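**Q** Predicted model and sequence follow; I will ask about them next.
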Amino acid sequence: MKTTTQDLVPQDCGADHTTAEIVQQPDVWREVGAIIAGGRASLDAFLAPLLADEDLRIVLTGAGTSAFAGEVVRAAVARATGRRTDAVSTTDIVADPHASFPDDVPTLLVSFARSGDSPESVAATRLADQVLAHVHHLVITCNSAGQLARLHGGSASSHVLLMPAASNDQGFAMTSSFTGMLLASLLALGALTTDAVEAPAAAAEHITAGGLSAQIEELLARAPERLVYLGSSSALKGLAQESALKLLELTGGALVASSESSLGFRHGPKSVLNDRTAVVVYVSNDPYTRRYDLDILAELRAGLPQGSVVAVSASRDGLPDDGTWLLPGLADVDDTVLALPAVLCAQLVALRASLHQGIRPDNPFPSGEVNRVVQGVTVHPLPRRRDDVA
């Protein structure tokens, strides 16, 4: 049976956009796959000459959630292309472009942008053009009318990948825009094939059909005041960052959220733990990395109240039934693919936590203190450096 938004949240709770945009993700992913397949020839004509250059540097960029998309896919893109790949946020590029582009090497700047209208989105591409002698742009955006799409749409040094119109999330927080753009980058840069989309889509449908609803409610019934997300692999650490941000956004900051790697958590961040802390660990599919996730799970479960520590995993290997949120059919996929349905767990935790707090998820900041599209940023002109002046 097809899941409706009313199956997940009550009506008239201010979550219409957010809930629908979480539920629609499997369909969005299938449409993204069709878009990439249909535009493969023009995409390859643009990318192939760039990827043939052994000196090429790929920079994945965006702000906030869009930046975390780059963090999640970075390792997979590096493996698939064999090229140096870095995730550098647009906010870092704008604030310190020379440090963000320390070497004047041929560069492919991959920009993730839901609206393409945030000040840093356009500024980062312009600064790359100013600082680097040879730069091309792959713009992945959900808004055909956004500044970023319009600026790069007619440029010979750019290729614009437009996501399905439905992925231009109207809710406050990015949900389907995040996963749609993340998936598009994997498909576009050869880190995933279109026939591999169905497995994470099916797992996501299990979640949106209520497969984890009882477990999510059980965790939130503990009324945690702090929630920590942990992930060890490059992809799952990036996912943990996005998960913490989603909780902060949708609860209007009412719940304190943080993220770390499983090993890094012991080096100071563990100080956040108390009896009102909940922890979600994204367990890696890599057998070696997984051992570190299992170690931190055992340690945390020994020290925190029962039910406070959750494992999100594609396999029960080494995990008890209790406190394990299982993602079916994904035991053999790369962690980057695992991240696609796994983030729905965090999105639904954030959605339900928002409602528990009496907050309207579509607009958690009615005062306008934080906005759907960032405001209040002044982009200052970059002066020429002395060593650049003849």
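**A** Ah, there it is. Numbers count the residues shown, from 1 in each chain.
**Q** Show the low-confidence segments of this protein, by residue range.
**A** Applying pLDDT under 70 to the chain flags the ranges 1-15, 366-375, 385-390.
**Q** in it, which spans are helices?
**A** 16-23, 25-38, 40-51, 65-81, 90-95, 97-100, 119-131, 147-152, 176-188, 198-206, 213-220, 234-250, 287-303, 335-356 (DSSP state H).
**Q** List the buried residues for the third one?
**A** Using 16 or more other CB atoms under 10 Å as the test for burial, helix 40-51 gives Leu43, Phe46, Leu47, Leu50, Leu51. In this view, the C-beta of every residue, glycine as well, is placed from N, C-alpha and C.
**Q** Distance to Pro287 added to the residues you listed, as a markdown table?
**A** Formatted as a markdown table, those follow (distance: CB to CB, whole Å):
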| residue | distance to Pro287 |
| --- | --- |
| Leu43 | 34 |
| Phe46 | 37 |
| Leu47 | 33 |
| Leu50 | 34 |
| Leu51 | 30 |
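**Q** which one among these gets closest to Thr175?
**A** Leu43 (25.2 Å; CB to CB).
**Q** For the closest one, which residues are in contact?
**A** Neighbour list for Leu43: Ile36, His159, Leu161, Ala188 [criterion: CB atoms under 8 Å, 6 or more residues apart in numbering].
**Q** Same question for Ser176.
**A** Ser176 touches Glu21, Ile22, Gln24, Gln25, Val28, Ala166, Ser167, Asp169, counting by CB under 8 Å, 6+ apart.
**Q** For the contacts of Leu43, which two are the farthest from each other?
**A** Largest separation among the contacts of Leu43 by CB to CB: Ile36 and His159, giving 11.9 Å.
**Q** Point to the residue nearest the middle of the protein.
**A** The residue lying closest to the centre of the chain (CA atoms, centre = their mean) is Ala69, at 3.8 Å.
**Q** what's the neighbour count on Pro102?
**A** Pro102 has 9 neighbours, counted by other CB atoms under 10 Å.
**Q** Share the number of residues neighbouring the closest residue to Gly116 other than its chain neighbours, please.
**A** Nearest residue to Gly116, sequence neighbours excluded (CB to CB, 6 or more residues apart in numbering): Gly146, at 2.7 Å. Neighbours of Gly146 under the rule other CB under 10 Å: 23.
**Q** and if you look at Ser271?
**A** Other residues within reach of Ser271, judged by other CB under 10 Å, total 7.
**Q** hmm, back to that, highest average neighbour count across the helices of the chain?
**A** Highest mean neighbour count among those (mean count of other CB atoms under 10 Å): helix 176-188, with a mean of 28.
**Q** I figured Pro341 was touching Pro200, is that so?
**A** Yes - using CB atoms under 8 Å, Pro341 is in contact with Pro200, at 5.0 Å.
**Q** what residues do those two have in common as contacts?
**A** Leu330.
**Q** Any chance of the contacts of Ser176 in a markdown table with distance to Ser111 as columns?
**A** Conversion of those to a markdown table gives the following (distance: CB to CB, whole Å):
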| residue | distance to Ser111 |
| --- | --- |
| Glu21 | 21 |
| Ile22 | 24 |
| Gln24 | 23 |
| Gln25 | 21 |
| Val28 | 19 |
| Ala166 | 21 |
| Ser167 | 16 |
| Asp169 | 17 |
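**Q** For Ala128, state which of those is nearest.
**A** Within these, the smallest distance to Ala128 is 24.8 Å, found for Ser167 (CB to CB).
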